[in-house]
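Trainee: Okay, predicted coordinates and the sequence, questions at the end:
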Amino acid sequence: MALDRTIAPLIKDAVDFDIQLKPYQKYTLDNGVEVYAFEGGAQEVMLMELVFFAGNSFETKNWVAPATNYLLKNGTSTKSAFEVNDAFEFYGAYLNRSCFNETATISLHTLTKHFSDVIPVVSELVADAVFPENELDIYAKNQIQQLTLNLKKGDFIANRFIDEYLFGINHPYGKYSSEDAYNSLTRSDLVDYYNKYYKEGKCIVFMAGKFPANIESTLNKYIGSLPLNKNKIEQPEHKIVAASQKKYNVVNDPSSVQGSIRIARHFPNRHHPDFAPAQVLNNIFGGFFGSRLMSNIREDKGYTYGIHSYLQNHIQQSAWLVSTDAGKDVCNATIEEVYKEMAILREELVDIDELNLVKNYMLGSLLGDVDGPFQIIGRWKSYILNGLTEEYFYNTIKTVRAIQPEQIKDLANKYLKQEDFYELVVY
Amino acid sequence: MIQFDRFELANGLKVLVHPDTTTPMAVVNILYNIGAKDENPAKTGFAHLFEHLMFGGSVNIPEYDEPLQRAGGENNAYTTNDLTNYYCQLPAENIETAFWLESDRMLSLAFSPKSLEVQRKVVCEEFKEHYINKPYGDAWHKMRTLAYTKHPYQWMTIGASLEHVEQATMEEVKDFFFKFYRPNNAILVVTGNVKTEDIKVLAEKWFGPIPAGKPYVRNLPQEPKQEKNRSIDVRADVPMDMLMMTWHMGGRFDASYHATDLLTEVLGGGASSRLYEQLIKVRQLFSSISCFHFGTIDPGLFVITGKLVKGITMSVAEKAVLEEVEKMKTELLDVKEVQKVINKTESMICFEDMSIMNRAQSLAFYELIGDASLMNDELAKYQTVTPELIQSTAKTIFSEGNRNTLYYYSNTTA
């Protein structure tokens, strides 16, 4: 019997998959620090992430939060920056830190067998970072050079400006670095910030992977004994000051062969009932490779290597963005096509076949996203920091399964209106 | 230890299966033994352009992505100088969809003129985005041309020039496909929640009927030993000077490969590495510096590159790099420092092996270079590297005459 290759094999619709977010284990250390842990995986590796409420929302001087976070591992009272790095790297462990808007993190990836060798150094960084003056000097100097380089890139400029238009230059979501900001950082800015938001700050711990024996008592010894959670930390209020002008053309490099396009509007956070259904609309619009923007602007017209739309990952207030780099001569045509796709979504019902494809794609990827210990704890972390519970996970799945073309059209009429969008091209 | 089963179809397609029942997902990975090095020097960029065309529909299926997304799957692909690799991940229950899609595009593409026209443009935009519209974007193009006089590693996968991609014709596309995209020139790896017996049935059903092609016998011009150091100056509108130095090294099968890999770690791996500590922190000559190697199958390049701190001259920076390099030849490394880079490598391997996607890609790569089970011997090979071996490797690589230097000057500092 000849094989008929025109007929697709039967599939199980991803909407019928039973997708579970496996539960975490939770315990509290002696100092009140909460630990969320997910144990699993085949490899003898693990992740520990300390989340501090030390993001740039808390700083009163620009760039103090990211600088403090970055320089945390550049020396303690007994170890130089080199010795700190060597202490982790000798065991093949990775110590990373990241600064976000509300939170800032210290994360450790290590072989399970070496956890007990490196946890004392993590503890030391939280208790005893000293921020040597010359480390700050080198940091500022090198960051300024990196900034000078980045300012040559249209996409870098575009990302800064679009956030500024949406939120205002003084808002944590809209501010950015500058040569002045780096130059005016002082050691005491960093030490003060560190003392308040790390050393005695509010901390939550997330763990995943294969754990060594007695993990709880080890954590208690090295993290539970620190003077954390001493200060009551209030999330400061920041007023959004959005730009009044909506359209911008910036010439950064006259010889540029491409333009960086950003089209954006405000959008509520995850607690808003429109957030989950808007994810479906976003996928249809520009959220994955098979989206309308990608099919039209890349796959049909070849104007760009890629075009994407997404909802920003902010806790307080999100934004909906379209982002692409397109050939200089086709930037205007690209923008026109983006608005055309918005209009089609507002005016026409999405075909049920296309909607089902997007639902299957979203739930299939979700199944893959909650596979593996690091992915599982990552999702839990996001929910916990956003003040959400597992209900959100299951409700989102329900929403995706149930949404109909009429709701998609209503959402498009509510949110995909050309006049609401900021528009920027940087050449 | 990664366990796997292996079998081969009558048409020469090699199939590897690594079951892992802890995940609900499966990965289907197809590696084609065709990279940018196999291209005609007058038509470079073809292997990579081809990767794009592989998503433009196949003979019986108008759209590749759509049915896969409908099955809850995702996919992507990449092209290197040595190979082209396609992979998709989907819920294991829908794995047959991946077999259907992948086998049809191995059978034959649709060769739609529209797809060729559009993907030529898309690749040109990719070229602009990464290599023209970016400071220092042309550095690698220049370095490859400087370092390789004969071997096809002298061009990048994106192509030597935009024109080559713009001029690609349908005739050339078809020839390329039927020459390289044949079952006997491919390796299929399946990982995840699957059973080998089921994969055997599926592979036979979907890939079995595809005719084998004429075996591709690779016969590439080899790079002659470089006897004299070479260098070029570049001036461009970039904010700071950049120094890029490369040395010829052994290929993937060379006995010195693992020692070379550890040597890059000693010099440039992380904030406790020598170049970082000495040149960024202590002497403050560079604002960033890195050391790595190509990891290519044929002899590749050992690379040190960094951006200079404003006010530091190129000759001071170069001299400082060469001093660090010289130490690797004259001073034996401390056992502890070697232990560190071995520990780092062990850790890297364990983290890489966490996902079924990485396991699939590694199995395919090691099968390409001889035997997938080599993947399980890698750590042991690193563990046998001694300070003496690293030193002798450094002596060979950093020998006089083997060096290529790109002095990339900022117009504003000149």
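Mentor: Noted; the coordinates are in hand.
Trainee: residues near the single nearest residue of the stretch 201-350 of chain B relative to chain A, how many?
Mentor: Distances between the stretch 201-350 of chain B and chain A by Cβ to the nearest Cβ are smallest at residue B:347, namely 3.0 Å. All C-beta spots, glycine's among them, are computed from the backbone N, C-alpha and C. Neighbour count of residue B:347, defined by other Cβ atoms under 10 Å in any protein chain shown: 20.
Trainee: and it, helix, strand or coil?
Mentor: Classification of residue B:347 by DSSP: H, G, I helix; E, B strand; the rest coil places it in helix.
Trainee: thinking it is in contact with residue A:110, fair?
Mentor: Yes - Residue B:347 is within contact range of residue A:110, at 7.2 Å (criterion: Cβ atoms under 8 Å).
Trainee: what's the overlap in contacts for these two?
Mentor: A:45, A:91, A:92, A:93, A:94 (Cβ atoms under 8 Å, 6 or more residues apart in numbering or on different chains).
Trainee: Now do the SS call for the residue lying closest to the residue of the stretch 201-350 of chain B closest to chain A once chain neighbours are set aside.
Mentor: Closest residue to residue B:347 apart from its sequence neighbours, by Cβ to Cβ, 6 or more residues apart in numbering or on different chains: residue A:92 at 3.0 Å. Secondary structure, three-state DSSP: residue A:92 is coil.
Trainee: Same check on the one 5 residues further on?
Mentor: Under the three-state scheme (three-state DSSP), residue A:97 adopts strand.
Trainee: Residue A:58 now?
Mentor: Applying three-state DSSP: residue A:58 is coil.
Trainee: cool, the one 4 residues further on as well?
Mentor: Residue A:62 carries the three-state label coil when classified by three-state DSSP.
Trainee: where's the closest residue to it other than its chain neighbours, which helix or strand?
Mentor: Leaving aside its chain neighbours, residue A:62 sits nearest to residue A:181 (4.4 Å; criterion: Cβ to Cβ, 6+ apart). Per DSSP states H and E: residue A:181 is located in helix A:179-183.
Trainee: where does the residue in the stretch 301-427 of chain A that chain B sits nearest to land on pLDDT?
Mentor: Chain B sits closest to residue A:364 of the stretch 301-427 of chain A, with a gap of 1.9 Å, by Cβ to the nearest Cβ. Residue A:364 is assigned a pLDDT of 87 by the prediction.
Trainee: Give the buried residues for the helix or strand hosting it.
Mentor: Secondary structure here is read from DSSP H and E; on that basis residue A:364 sits in helix A:352-369. Neighbour-count burial for helix A:352-369 flags A:355, A:357-368 (criterion: 16 or more other Cβ atoms under 10 Å in any protein chain shown).
Trainee: go on, stretch A:403-415?
Mentor: Applying 16+ other Cβ under 10 Å to stretch A:403-415 flags A:403, A:407, A:408, A:409, A:411, A:412, A:415 as buried.
Trainee: cool, stretch B:375-382 as well?
Mentor: For stretch B:375-382, the neighbour count (16+ other Cβ under 10 Å) marks B:375, B:378, B:382 as buried.
Trainee: And those residues, which is closest to residue A:283?
Mentor: Nearest to residue A:283, judged by Cβ to Cβ, of the buried residues of stretch B:375-382 is residue B:375 at 35.9 Å.
Trainee: Let me see the contact set for the closest one.
Mentor: B:2, B:362, B:363, B:366.
Trainee: do residue B:338 as well
Mentor: Residues near residue B:338 by Cβ under 8 Å, 6+ apart: B:262, B:266, B:385, B:386, B:387, B:390.
Trainee: How about residue B:53?
Mentor: Counting by Cβ under 8 Å, 6+ apart, residue B:53 has contacts B:109, B:115, B:116, B:119, B:173.
Trainee: Could you export these as TSV, including pLDDT and distance to residue B:6?
Mentor: Converted to TSV, the contacts of residue B:53 look like this (pLDDT from 0 to 100; distance: Cβ to Cβ, whole Å):
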residue	pLDDT	distance to residue B:6
B:109	94	28
B:115	89	34
B:116	91	36
B:119	88	34
B:173	90	32
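Trainee: Tell me which two of those residues sit farthest apart.
Mentor: B:109 and B:119 (11.5 Å).
Trainee: for the stretch 51-200 of chain A, what spans make up the strands?
Mentor: A:94-99, A:104-111 (DSSP state E, counting those that start in this stretch).
Trainee: what mean pLDDT does the longest one have?
Mentor: It stands for strand A:104-111. Mean predicted lDDT for strand A:104-111 stands at 98.
Trainee: which residues are contacting it?
Mentor: Taking Cβ under 8 Å, 6+ apart as the rule, strand A:104-111 contacts A:44-52, A:54-55, A:65-66, A:68-69, A:72, A:88, A:91-99, A:118-119, A:122, A:125-126, A:197, B:346-347, B:350-351.
Trainee: Of the residues you listed, which count as buried by neighbour count?
Mentor: A:45-52, A:54-55, A:65-66, A:68-69, A:72, A:88, A:91-95, A:97, A:99, A:118-119, A:122, A:125-126, A:197, B:346-347, B:350-351.
Trainee: Report pLDDT for residue A:243.
Mentor: pLDDT at residue A:243 comes out at 96.
Trainee: And for it, the neighbour number?
Mentor: 16.
Trainee: One more: residue B:213?
Mentor: Neighbours of residue B:213 (other Cβ under 10 Å): 18.
Trainee: what kind of secondary structure is it in?
Mentor: coil.
Trainee: contacting residues for the nearest residue to it once chain neighbours are set aside?
Mentor: Among residues not flanking residue B:213 along the chain, residue B:182 sits closest, at 2.9 Å (Cβ to Cβ, 6+ apart). Applying Cβ under 8 Å, 6+ apart, we find residue B:182 in contact with B:12, B:106, B:210, B:211, B:212, B:213, B:214, B:216.
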